[in-house]
Each structure stands twice: as C-alpha cells, then as structure tokens.
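1. what's the 3D shape of this:
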Amino acid sequence: RVRIVPAARSGDGPAAVDCGEQPEGSVAWHGWELRWQSESAGQTVRQSFTTWVTPGTGTVRAPAAGDRIVPLGGVGRRRVRRLLMEARVPFRERGSYPVLVRESEVLWIPGICRSGEYYPADERRGRPSSEATM
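-> Prediction:
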C-alpha cells in the first residue's frame, strides 16, 4: 500500500524520491508525506489518496512536461497537466503536486487519478473501477 497525505510545510524537499526499496518507509516531499508498507491489496478507486501497486521501486516527483496517464477503467491517455487543472489544483501548486512513476509510466496522481498499470492482479478482477471517494 502507498499513501500520500499533505504534511506540515517545512521547505522544499528533493526533486524526486524513490520509494518501495524497503518493505516499509516514509519520506517528506514538497510538503507531502509519503508512507508505504507491504500488505495485501485492498480496494482502490481512481480518485483516492491511498493506492496499492505491485511490489517494486517507484519514484515520486513533480509532474513533467508531456506526462500522461491511462486512467483506471478508462480508455486512452490523459495529460497530467489537464487532470490537475480539472481537479482545480491551483496553478502555483501544480509544480509541487506529487505523481508516482515507475519505469517512466505515471501510475498515480494522489486524489485525482490512478492508472491501471502495475495493479495487483487479484484486485483487477470483477471490481468496478470508476467509484469515487471524494
């Protein structure tokens, strides 16, 4: 499970941080706190601040120009910049909004959109993918 929540602002963090190398951990990144741990996959919806991914290392970084994501249960690719705009993330905060990336594939924009990539296999079957928790 990977969970990202707003943390107390304490200055700028590193440009990008790796996660998932250890079974458990946490790191602060640009005012957000990222925590991860190994556990059985739970139900994930497209718009959530908690998600599950297959084991492996990922990178949390700011959105980059041209980033796109294939939404969970969706068709086609969506621009990350556009999704942040539609979610009404203020323009000044978009550059410090976290995205989870693995092998150059955007997997998750916390609270906004989850990709179907690197999804735990037992979770994908027979589960609605367009539920909202906001």
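
2. CA only for contacts and neighbour counts going forward, please
-> Will do.

3. Show me where this protein dips below the pLDDT cut-off.
-> For the chain, applying pLDDT under 70 flags the ranges 6-15, 44-46, 121-134.

4. now Val17: how far from Gln43?
-> Computed as C-alpha to C-alpha, to the nearest Å, the Val17 to Gln43 distance reads 25 Å.

5. before we move on, what about Leu107?
-> With distances taken as C-alpha to C-alpha, Leu107 is found 16 Å from Gln43.

6. And the next helix or strand past the longest helix anywhere in the chain?
-> Taking DSSP state H as the criterion, the chain has its longest helix at helix 80-86. Per DSSP states H and E, the first helix or strand lying C-terminal to helix 80-86 is helix 91-94.

7. Have a look at Leu107 and Gln43 and say which one is more surrounded.
-> The neighbour count for Leu107 versus Gln43, taken as other C-alpha atoms under 10 Å, is higher for Leu107 (27 against 12).

8. could you say what helices and strands the longest helix of the chain packs with?
-> helix 91-94 (3 or more C-alpha pairs under 8 Å, 6 or more residues apart in numbering; DSSP states H and E).
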